[in-house]
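> Starting from these lines, generate the structure:
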Amino acid sequence: NNYAGILRINALQKDFPPTPKTESAMSEENIEVQNNISNRHEFNTTAAVAGSGKETQMKIAGSLMKTLIGVACGLLVCVGIAQAKKTVTWGMWGSPAEIKTHQRVADAFMASHPDIEVIIWGQPWGDYFTKLKTLWAAGDKEGIPDVLFLSPVVTYAGQGVLEPLDPFIKASGYDTSDYWPSLLQFGILKGTIYGLPRDIGLEVLYYNKDIFDEAGVAYPTNFWTWDDLKAATKKLSKITTSGRVQRYALGAEGGKYQLFVGQNRGSILDDMVNPTACTLTKPAAVEAIKFFSGLMDAKLAIRPSALSQSGGDAGVFQSGQAAMIIQNASRISTFNAANMNYDVATVPIPADGQRAGAAGGAAWTMSKHSDDKETAWTFLSWLQSTNGGQAIYTASGEILPALRSTAVSDAFLGINAPPANRVAFILEGNNTKIGRTGYFPNWGTLNGKIINPNLSRIWSGADPVEPVLKQLCNDVDAFLQSKGLGF
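Numbers count the residues shown, from 1 in each chain. Got it, this is the predicted structure:
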């Protein structure tokens with residue numbers, strides 16, 4: 001606890017970068033006005049019969065005036081109340097359980113902002129982007145949510161469907177220095193901020209303590225190197241004499257390759273914002289990919305295709321098919337619900353390497369078509385505040401917050417539930433770097449059609465590393481020259 005407290009202080013001190021009226025309501029008001037006009041005629045008739053003195057007439061006129069003023073004021077108050085309630089539509093993907101968390105966030109915001117109503121537009125992951133693209137293509141400005149959860153932000157910013165956030169950030173004095181190093185870059189296109197990441201997807205090493213105990217292997221520490229990891233995998237894997245694997249030491253998705261490349265001071269491209277060339281043929285990158293694929297070839301790590309067929313990393317970890325996995329904070333709630341005996345550590349690095357956690361995470365953005373952008377910003381900025389949405393999401397156990405002040409608070413470090421070594425996330429977070437994804441519109445196409453398909457040949461064991469990387473880089477360079485960055 002003292003160590004966590006010190007880290008909290010160090011992390012904070014370190015320099016890093018109107019609703020329209022319904023038709024029925026208006027009809028009721030017209031009736032009330034007509035009734036009062038009729039009352040006015042009755043008052044005048046009564047005055048003429050009761051007496052002709054000026055004093056009597058003045059009293060009646062005064063009474064009439066007060067009545068009319070009261071009615072008019074009452075109507076204005078009613079209209080004001082109806083118009084004061086503003087609405088923000090809020091779009092995101094998620095499972096039913098995740099949508100429930102979003103609803104708790106919306107309820108908390110509305111409790112502190114009674115003049116604003118938040119309406120959730122939640123969709124399953126498989127439908128969310130398809131429906132959004134349909135709305136954008138149709139120009140359905142009313143149907144597009146005001147605040148949207150998106151990734152990658154640069155793709156949609158490049159299509160001109162998002163509102164720049166810089167003017168709102170400047171006008172409100174919103175503090176962007178609280179984000180993890182390089183994380184805010186995930187929401188920036190050509191120097192303009194279009195999104196604020198909700199969380200950070202950096203990974204740690206999850207390990208099954210029961211399997212480690214069974215194999216007589218010491219638990220991983222925050223100081224493990226690649227050599228320590230490889231030595232442990234040999235003891236943790238169970239391979240029969242016939243070569244059949246009964247248990248793998250490690251389960252890691254193919255996309256985690258960049259973590260090893262970055263740790264070894266390598267990169268995918270020469271510049272992840274404005275690239276001109278592929279750099280996966282450089283020695284540092286080749287060595288890292290050989291290390292990762294070598295664990296697969298030796299049957300110490302499960303191949304990505306087999307991992308997918310076995311329920312993903314969470315599936316093999318829970319079933320005991322893998323003693324360790326490399327994953328972000330999103331798995332914590334699942335493993336805790338399953339009462340697993342596990343903990344985490346930082347991801348092992350080369351002896352002379354560096355920590356290179358991925359600085360990326362889906363972000364809250366504002367639609368260009370929002371008809372009340374000030375209200376949308378009020379909600380969006382509250383979502384991204386330590387005392388607002390960040391604390392609620394963090395307490396749910398589903399994320400590692402994008403704001404360092406939230407991560408080093410009791411909202412994350414003080415949770416009385418596994419993993420015990422939550423400090424590992426802070427250590428990785430303080431050293432996050434750009435590198436996992438490209439920050440230009442054509443990155444999705446480049447990665448999906450060229451980089452990943454070529455690397456899959458290595459992960460499957462079908463082809464050796466160097467020839468594949470050479471062909472991959474030739475294809476990447478040709479793409480950059482012919483297609484450009486997509487700006």
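> for the stretch 151-300 of the chain, what spans make up the strands?
Taking DSSP state E, counting those that start in this stretch to define them, one finds strands in the stretch 151-300 of the chain at 188-189, 192-193, 195-197, 204-208, 238-239, 245-251.
> could these go into CSV alongside distance to residue 451, mean pLDDT and mean neighbour count?
No exception for glycine: its C-beta is placed from N, CA and C like everyone else's. Output for the strands of the stretch 151-300 of the chain, formatted as CSV (distance: least, CB to CB, whole Å; pLDDT from 0 to 100; neighbours: other CB atoms under 10 Å):
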stretch, distance to residue 451, mean pLDDT, mean neighbour count
strand 188-189, 21, 95, 20
strand 192-193, 26, 98, 17
strand 195-197, 23, 98, 26
strand 204-208, 25, 98, 25
strand 238-239, 31, 97, 16
strand 245-251, 22, 98, 22
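> With distance to residue 388 as new columns, can the ones you listed be given to me in a markdown table?
As requested, the strands of the stretch 151-300 of the chain are exported to a markdown table (distance: least, CB to CB, whole Å):
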| stretch | distance to residue 388 |
| --- | --- |
| strand 188-189 | 22 |
| strand 192-193 | 19 |
| strand 195-197 | 12 |
| strand 204-208 | 26 |
| strand 238-239 | 47 |
| strand 245-251 | 35 |
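> Looking at those, which is nearest to residue 395?
Comparison of the strands of the stretch 151-300 of the chain against residue 395 by CB to CB identifies strand 195-197 as nearest, at 18.3 Å.
> still on that earlier bit, so which of the strands of the stretch 151-300 of the chain gets nearest residue 96?
strand 195-197 (23.9 Å).
> Can you report how many residues lie near the closest residue in space to residue 388 that isn't next to it in sequence?
Taking CB to CB, 6 or more residues apart in numbering, and ignoring the residues beside it in sequence, residue 388 has residue 382 as its nearest neighbour in space, at 4.2 Å. When neighbours are defined as other CB atoms under 10 Å, residue 382 has 18 of them.
> Quick check: buried residues in whatever helix or strand residue 382 lives in?
Secondary structure from DSSP states H and E places residue 382 in helix 373-383. The neighbour-count criterion (16 or more other CB atoms under 10 Å) identifies 373, 375, 376, 377, 378, 379, 380, 381, 382, 383 as the buried residues of helix 373-383.
> Any chance of those in a markdown table with pLDDT and distance to residue 392 as columns?
Formatted as a markdown table, the entries for the buried residues of helix 373-383 read as follows, by pLDDT from 0 to 100; distance: CB to CB, whole Å:
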| residue | pLDDT | distance to residue 392 |
| --- | --- | --- |
| 373 | 98 | 24 |
| 375 | 98 | 20 |
| 376 | 98 | 19 |
| 377 | 98 | 19 |
| 378 | 98 | 17 |
| 379 | 98 | 14 |
| 380 | 98 | 15 |
| 381 | 98 | 15 |
| 382 | 98 | 11 |
| 383 | 98 | 9 |
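> isn't residue 305 right up against residue 460?
Yes. Assessed by CB atoms under 8 Å, residue 305 is found in contact with residue 460 at 6.3 Å.
> Now do the SS call for residue 425.
Going by DSSP: H, G, I helix; E, B strand; the rest coil, the secondary structure assigned to residue 425 is helix.
> excluding its backbone neighbours, what's nearest residue 368?
Using CB to CB, 6+ apart, the closest residue to residue 368 is residue 163 (5.0 Å).
> I meant residue 199, not that one.
Residue nearest to residue 199 in three dimensions, not counting chain neighbours: residue 399, with 3.7 Å by CB to CB, 6+ apart.
> What is the burial count for the one you found?
25.
> thought it was touching residue 197?
No. At 10.1 Å, residue 399 and residue 197 do not qualify as touching, with contact defined as CB under 8 Å.
> quick revisit: determine which of the strands of the stretch 151-300 of the chain approaches residue 391 most closely.
Of all these, strand 195-197 comes closest under CB to CB, at 15.4 Å.
> Show me what that closest one is packed up against.
Here strand 195-197 is seen to pack against strand 363-366 when contacts are counted using 3 or more CB pairs under 8 Å, 6 or more residues apart in numbering; DSSP states H and E.
> Just the CA atoms of the strand it packs on, as CSV, please.
These are the backbone C-alpha positions of strand 363-366, laid out as CSV (Å, rounded to 0.1, in the frame of the first residue of the first chain):
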residue,chain,number,x,y,z
ALA,A,363,-12.5,7.5,-27.6
TRP,A,364,-15.5,9.7,-27.0
THR,A,365,-16.1,12.0,-29.9
MET,A,366,-18.7,14.6,-30.9
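> ok, back up a step: just the C-alpha atoms of the helix holding residue 382, please, in CSV.
C-alpha atoms of helix 373-383 as CSV (Å, rounded to 0.1, in the frame of the first residue of the first chain):
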residue,chain,number,x,y,z
LYS,A,373,-22.6,21.1,-29.3
GLU,A,374,-22.2,23.1,-26.0
THR,A,375,-24.4,20.6,-24.2
ALA,A,376,-22.7,17.7,-25.9
TRP,A,377,-19.3,19.0,-24.7
THR,A,378,-20.7,19.4,-21.1
PHE,A,379,-21.5,15.7,-21.2
LEU,A,380,-18.3,14.6,-23.0
SER,A,381,-16.0,16.5,-20.7
TRP,A,382,-17.8,15.1,-17.6
LEU,A,383,-17.3,11.6,-19.0
